[in-house]
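**Student:** Build me a model from this:
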Amino acid sequence: MKTTVTFSDFRQAFKAIRPDNFSHEGLEQLWDYFESYERDTGEEIELDVIAICCEYSEQTWQAIASDYGIDIDENENEEEQAQQVMNYLCDSTSVIGSTSDGKFIYQNF
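**Tutor:** This is a model prediction of the structure:
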């Protein structure tokens, strides 16, 4: 037996269990990513909020650089430093996207 989940259901599930893990924009990007994955693979994904929160993160480039020990060129401007972190993520894991406030959504590694 299965239930079809809408974006509203998806958002409400996070709001009920883990309201601070992802922004609204981050959840929209995760939703689109999972929908695309299901469409491309034909494999259905189970909505498990805790598992998603363990497997994916939304953070600033500064927090990511700190968490993963990424050497940032201090001579670069902030935009270039953020791009260094994005390049590192792209080389290391799946990047879901970035938010309008500069946070990256990515698969933990």
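**Student:** what's in contact with the longest helix along the chain?
**Tutor:** Ranked by residue count under DSSP state H, the longest helix found in the chain is helix 24-41. The contact list for helix 24-41 (C-beta atoms under 8 Å, 6 or more residues apart in numbering) reads 7, 10-11, 14, 22, 43-45, 52, 56, 58, 96-97, 99-101, 103, 105. The C-beta positions use only the backbone N, C-alpha and C, and glycine is treated the same way.
**Student:** taking the residues you listed one by one, which sit in strands?
**Tutor:** Tyr56, Glu58, Ile96, Gly97, Lys103, Ile105 (DSSP state E).
**Student:** For the second one, list the residues it contacts.
**Tutor:** So the one you mean is Glu58. Counted by C-beta under 8 Å, 6+ apart, Glu58 has contacts Asn21, Phe22, Ser23, Gly26, Thr99, Lys103, Phe104, Ile105.
**Student:** One more: Asp67?
**Tutor:** So Asp67 contacts Gln59 (C-beta under 8 Å, 6+ apart).
**Student:** about what we covered before: PyMOL command for the buried members of the contacts of helix 24-41?
**Tutor:** Entered in PyMOL, the line below selects the buried ones among the contacts of helix 24-41, by 16 or more other C-beta atoms under 10 Å:
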select buried, resi 10+14+22+52+56+58+96+97+99+103+105
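**Student:** Quick one: end-to-end length of stretch 9-24, please.
**Tutor:** In stretch 9-24, first residue to last residue: 13 Å (C-alpha to C-alpha, to the nearest Å).
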